[in-house]
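Engineer: Everything below, folded, please.
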Amino acid sequence: MKIMLLTSSFVPLRPSLPSPLCVQSPPLYTFGCSPKTHVRTSPSFAFQLKSPNPSCGHQFSVAAAVPSSQGSVSVVHFEDFVEKDWSFLDPDEVNNDGEHMQKIDRIISAGNIKETSKVLVSIGSEAFVDRMVDSAPCEQLLVVHDSLFVLACIKEKYDKVKCWQGELINVPEKWTHFDVVFLYFLPALPFELDQVLAALASRCLPGARLVISHPQGKQILEEQQQQYSDVVVSNLPEKMMLQSTAASHSFEVVEFVDKPGFYLAVLRLNAESEK
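Structural biologist: This is a model prediction of the structure:
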């Protein structure tokens, strides 16, 4: 299981190393960005992270520094460690479209975010997070994503935004309970809807709003699924199936829009839900 925590710029975190390496006690991890260089300590583990999007000039390095008390450990480099391509979530031609931004605003407004809200965004695009930070101030914003690169770019811009790399159903309880949850790109989650709602029901406050969306709708999703089959692993739920699954976990569907160019489902957690 891959888990990574980013709590502020250039601070301790736990990256996932694509190797069966292990040490006797938890090492100190650092995270930074550098132009085609490795972050190195001695002794250390280090690997270079490149964006799969050729148009992006960012490149990051991650190093795991082992305390001197643990003795000598060899430096292991993972050259050209490239993760999955998530660039389709932020296409330039779409982001510059006023209509697209109106859809993003509608998705955000569906959450009814307040300044005291604790908000979770799962598999969000950089543009979506940018818009949230600008238009919907809240007490806590946590972004959960599979991509180290996306989280690094978000953290580089917004020090107060909490970032966590790991599985949505395993989000640490220290950040709960949430008032608002955005499943911005549900089809990227490798879990059944029943698993997702069960996990969120235990991590949300009664009355919390869960917003499932796709600003371009199912038609574009089908194209994305064909082109990015390693990322897009499921579909958006139909209304009847969503209502049935939601009711099993004390959620109620309060809004549902399924058009060729826009998908939005808003669920509310009933007050009788047990924590």
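
Engineer: What count of nearby residues applies to the residue nearest to residue 147 when sequence neighbours are not counted?
Structural biologist: Of all residues beyond its chain neighbours, the one nearest residue 147 is residue 86 (5.2 Å), with distances taken as Cβ to Cβ, 6 or more residues apart in numbering. Just so you know, the C-beta spots here come from the backbone N, C-alpha and C atoms, and that holds for glycine as well. Here the neighbour count serves as a burial measure; for residue 86 (other Cβ atoms under 10 Å) it reads 22.

Engineer: my guess is residue 86 contacts residue 151, does it?
Structural biologist: No - the pair formed by residue 86 and residue 151 falls short of the contact definition of Cβ atoms under 8 Å, at 10.7 Å.

Engineer: now the strands for the stretch 151-275 of the chain?
Structural biologist: Defined through DSSP state E, counting those that start in this stretch, the strands belonging to the stretch 151-275 of the chain, from first to last, are 162-165, 178-183, 204-214, 251-259, 262-269.

Engineer: Parallel or antiparallel, which strands does the shortest one pair with?
Structural biologist: Same thing as strand 162-165. strand 4-6 (antiparallel), strand 140-145 (parallel) (DSSP bridges).

Engineer: and residue 191, what is it in contact with?
Structural biologist: Counting by Cβ atoms under 8 Å, 6 or more residues apart in numbering, residue 191 touches 167, 168, 169.

Engineer: Select from the strands paired with strand 162-165 the stretch with the lowest mean pLDDT.
Structural biologist: Summarising mean pLDDT across these, the least confident stretch is strand 4-6, with a mean of 53.

Engineer: gap between residue 155 and residue 122?
Structural biologist: As judged by Cβ to Cβ, to the nearest Å, residue 155 and residue 122 stand 16 Å apart.

Engineer: what about the helices in the stretch 101-250 of the chain?
Structural biologist: Here the stretch 101-250 of the chain has its helices, by DSSP state H, counting those that start in this stretch, at 126-135, 148-157, 193-201, 217-227, 239-247.

Engineer: mind listing what's buried in the second one?
Structural biologist: By neighbour count with 16 or more other Cβ atoms under 10 Å, helix 148-157 contains the buried residues 148, 149, 150, 151, 152, 153, 154, 155, 156.

Engineer: One more: the last one?
Structural biologist: Buried positions in helix 239-247, judged by neighbour count with 16+ other Cβ under 10 Å: 242, 243, 245, 246.

Engineer: for stretch 163-171, same thing?
Structural biologist: Going by neighbour count (16+ other Cβ under 10 Å), the buried part of stretch 163-171 is 163, 164, 165, 166, 167, 168, 171.

Engineer: can you check stretch 173-181 too?
Structural biologist: For stretch 173-181, using 16+ other Cβ under 10 Å, the buried residues are 176, 178, 179, 180, 181.

Engineer: average pLDDT for that stretch?
Structural biologist: Rounded to a whole number, the mean pLDDT of stretch 173-181 is 94.

Engineer: picking up where we left off before, out of the buried residues of helix 239-247, the closest to residue 258 would be?
Structural biologist: Minimum separation from residue 258 among the buried residues of helix 239-247 (Cβ to Cβ) is found for residue 242, which lies at 9.8 Å.

Engineer: Show the contacting residues for that closest one.
Structural biologist: 193, 212, 253, 256, 265, 267.

Engineer: Alright, that wraps it up for me.
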